[in-house]
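Undergrad: Please find the sequence and the predicted model below.
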Amino acid sequence: MGHVEVGHLTYVLPDGRPLLNDVSFRIGEGVKAALVGPNGAGKTTLMRLIAGDLQPVEGSVASSGGLGVMRQFIGSVRDGSNVRDLLLGVAPPAVRQAAERLDAAELMMMERDDEKTQMRYAQAISDYTDAGGYEIEVLWDTCTVSALGVPFERVKYRDVSTLSGGEQKRLVLEALLRGPDQTLLLDEPDNYLDVPGKEWLEQQLRETPKTVLLVSHDRQLLANAADRIVTVESGNIWIHGGGFTTYAEARKARNERLDELRRRWDEEHAKLKALVNMLKNKARYNDGMAPAYHAAQTRLRRFEEAGPPEEAPGDQNIKMRLRGGRTGKRAVICEELELTGLMRPFSLEVWYGERVAVLGSNGSGKSHFLRLLAGEPVAHEGVARLGARVVPGHFAQTHARPDLLGRTPVEIVMTEHAKLKNEAMKILARYELAGLIAEQRFDTLSGGQQARLQILLLELSGATLLLLDEPTDNLDLASAEALQAGLEAFDGTVLAVTHDRWFAADFDRYLVFGSDGTVYESPEPVWDESRVVRPR
C-alpha cells in the first residue's frame, strides 16, 4: 500500500509570483483523493512537485509503494514515439533505465557485431530481465488487448499519434492501474474518454486498493469516485473528508467560519490597540500606569506577531454574458446529410432557442458535424444549412487556434473587437483573465484559461448559434457553472458535443451519433448504446 505526504511546501513561479505557500497534507493508504481548485491555482504544478518534475523553494514530499504518474499531456513522449515508448513512460524507473540501455545496445549491434558489443548487448538483456522488463511486457499485453483489442507484439511499434486521445488515456490508465506502483498521480485522466470510458475509470478507482490523487473537472466522476476533496485556493490547501456531493456545502461553511474568525481577530486587534493608546495617554501624567502600558504593548506585539487567521478565499466571480439574438424559426436544417465515411444520411431540424446535446462515442463524427455547421470545409453529401440571421460561433475542443498563438488576451480583444485597453481589461476581468494573465501569450495559458478566452470571444462575436465541442473539458468547477448560467440566459440556439453528464442534464434534446453510423434522437442522454433500445 502507498501514501503521499507533503510537508510545508512552498513554490514560486519563474517570474517571481508565489504560487504555493507552506502547503502540508497527507493522503493515506487506499484513499482516492481529488485535487480541485480554480484554473491556474497550481493543481498541475503541485502534481509535478509530488512527481519530482519540479523542485520546491522549501518543503518536502514523501511517498511509498512506488509512484505511478499520468501527466496532463501523455502523448508527448517525443516526436515519433510509439506505443512501447508510451508504456515505458509510465513504467517503474528501473525498467525505463534498463530499456534505454537495451535500446542503445541493440543500435550498437546494428553498427558492429564484435565480441565487446555482443557482451554489452548480453549484459543489457540481463539487466532488463533483472529489472522486470519482460515481466512487465506480459502485463502490457493485457493492457493493449483491453484498451486497443490488439496484442502488445502487434502494436508496440505503432506511432502514438495514430491513437486517439481516448485510446492513449485508456492504455496508460490500464498500465498504471494494473502495474506495480501502489501510489498513483493522475492529472485529468478522464479528458478525451467517452462516458463508458469514464464509467470504467470510476469503477476501477472504486475497486483498486491503490492510493490515488487525481485532478479532474468532471463533476459526475468526482461525485462517483472520490472520497476526499483536496482544494488548492489562494496558495493554500484544505481537505474535505467527505465526497463531492457535500463539497459545496462544506466549502461554504468553511469560508463562513474563516470570515467569523477573522472578524473576531479584527475586533480583538482593535481593542488591544485602543487599550495601548489609553494606557499610553494615562502613563504620560501617571508613572504608576507605565507597567500596565508596557504590558499592553507586549500583548499587542505578540498578538500581531501571531498574525491573523487564514483569510477565506474569494469566490470566483466569472460572468459570461452570452447575448445572442433573435433568428428565424429554424436555426439548423439538415437534409439527407452524410459526412463521408462517418455516418449514414440523416435529416434534422433545430429550432431557434433549443439546446441540443450531441452525444456518441469518440470518432463517430460529432466534431466534424459542428465544424461543417461552422462553415469549415468538411467532406459531405446532402444539405446542411443555417436559418435566417443565424451567426455561428465555434468552440474547438482541442483549443487549436493558430490565429491566437503568440498573442495575449488583451491584444486579441483590442485588435479583433476594436476595444480600448481599459475596455478590454474590464471585459477580461469578467472572465477572470485580467491582470498578469491578460499579458500572457495564448499558448502559455492553462487549458481552462484558454477555454474561458474562447467563450469570451464567442460572446464578443455576436454569435446566435453556439457550436460547442466539449466546452467543459478544461473548465474548473466555478467556470463550468458560470458557462451553464450563461447558456441559460443566452438568446439563441446551442449545439454542444459533450461527454459531461452533469452538463448534459440541462439540455432539451439529445442527438446521438451511433456506433453503427446511424444518427438518431433520444428523449434522454445515451452514453452506452448497449443499454438502450434503438429506434427503428
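TA: It's in.
Undergrad: how about the helices in the stretch 301-450 of the chain?
TA: Here the stretch 301-450 of the chain has its helices, by DSSP state H, counting those that start in this stretch, at 366-373, 409-417, 421-430, 447-461.
Undergrad: Now tabulate those in a markdown table and tack on distance to Glu202 and mean pLDDT.
TA: Using the backbone N, CA and C atoms, a C-beta is placed for each residue, glycine as well. Output for those, formatted as a markdown table (distance: least, CB to CB, whole Å; pLDDT from 0 to 100):
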| stretch | distance to Glu202 | mean pLDDT |
| --- | --- | --- |
| helix 366-373 | 22 | 93 |
| helix 409-417 | 35 | 89 |
| helix 421-430 | 34 | 92 |
| helix 447-461 | 22 | 91 |
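Undergrad: how about the ones you listed, which one is nearest Lys282?
TA: Lys282 lies closest to helix 421-430 among the helices of the stretch 301-450 of the chain, at 49.8 Å (CB to CB).
Undergrad: Now do the closest one and helix 447-461, the angle between them.
TA: Inter-element angle recorded for helix 421-430 and helix 447-461: 120 degrees (by axes from the mean of the first three to the mean of the last three CA atoms, to 10 degrees).
Undergrad: Val150 and Thr142 touch, don't they?
TA: No. Between Val150 and Thr142 there is no contact under CB atoms under 8 Å: 11.8 Å.
Undergrad: Run through the residues that contact the closest residue to Ala51 other than its chain neighbours.
TA: Spatially, and ignoring its direct neighbours in sequence, Ala51 is nearest to Val69 (4.7 Å; CB to CB, 6 or more residues apart in numbering). Residues counted as contacts of Val69 (CB atoms under 8 Å, 6 or more residues apart in numbering) are Met47, Ala51, Val90, Leu184, Leu185.
Undergrad: Mind doing that once more with 7 Å?
TA: Contacts for Val69 (CB atoms under 7 Å, 6 or more residues apart in numbering) come out as Ala51, Val90, Leu185.
Undergrad: residue contacts, the second one?
TA: Val90 makes contact with Gly68, Val69, Met70, Val172, Ala175, Leu176, according to CB under 7 Å, 6+ apart.
Undergrad: Among the helices of the stretch 301-450 of the chain, which comes closest to Met1?
TA: Nearest to Met1 among the helices of the stretch 301-450 of the chain is helix 447-461 (32.3 Å), distances taken as CB to CB.
Undergrad: which residue sits closest to Leu458 in space, ignoring its chain neighbours?
TA: Leaving out its chain neighbours, the residue that sits closest to Leu458 by CB to CB, 6+ apart is Gly393, at 4.2 Å.
Undergrad: Kindly tell me how buried the one you found is, as a neighbour count.
TA: By other CB atoms under 10 Å, 22 other residues sit near Gly393.
Undergrad: Likewise for Pro18?
TA: By other CB under 10 Å, 12 other residues sit near Pro18.
Undergrad: What of Pro392?
TA: Neighbourhood size, Pro392 [other CB under 10 Å]: 20.
Undergrad: Relative to Asp403, how far out is it?
TA: For Pro392, the distance to Asp403 (CB to CB, to the nearest Å) stands at 16 Å.
Undergrad: repeat for Gly59
TA: From Gly59 to Asp403 the distance is 41 Å (CB to CB).
Undergrad: what do you get for Glu336?
TA: For Glu336, the distance to Asp403 (CB to CB) stands at 33 Å.
Undergrad: thinking again about what came up before, quick one: secondary structure of the residue nearest to Ala51?
TA: Following DSSP: H, G, I helix; E, B strand; the rest coil, Val69 is assigned to strand.
Undergrad: Dihedrals phi and psi, the nearest residue to Glu521 once chain neighbours are set aside?
TA: In this structure, Glu521 finds its nearest non-sequential neighbour in Leu511, 5.8 Å apart by CB to CB, 6+ apart. Phi and psi for Leu511, reported as degrees, to the nearest 10, are phi -100, psi 120.
Undergrad: contacting residues for Leu511?
TA: Shown in contact with Leu511 (CB under 7 Å, 6+ apart): Val356, Val358, Leu359, Val519, Glu521.
Undergrad: what's the most distant pair in those residues?
TA: Distances among these were taken as CB to CB; the most separated pair is Val356 and Val519, at 12.0 Å.
Undergrad: Neighbour count: these two, which is higher?
TA: The residue with more neighbours, out of Val356 and Val519, is Val519; 25 against 20, by other CB under 10 Å.
Undergrad: Looking at per-residue confidence, what score does that one get?
TA: In the prediction, the pLDDT value recorded for Val519 is 94.
Undergrad: next one: the one 5 residues further on
TA: At Glu524 the predicted local confidence, pLDDT, stands at 91.
Undergrad: What is the neighbour count of it?
TA: Glu524, neighbours per other CB under 10 Å, totals 9.
Undergrad: three-state assignment of it?
TA: Going by three-state DSSP: Glu524 is coil.
Undergrad: In contact with it, which residues are there?
TA: Applying CB under 7 Å, 6+ apart, the residues near Glu524 are Tyr510.
Undergrad: distance of it from Cys334?
TA: Noted for Glu524: a distance of 22 Å to Cys334, by CB to CB.
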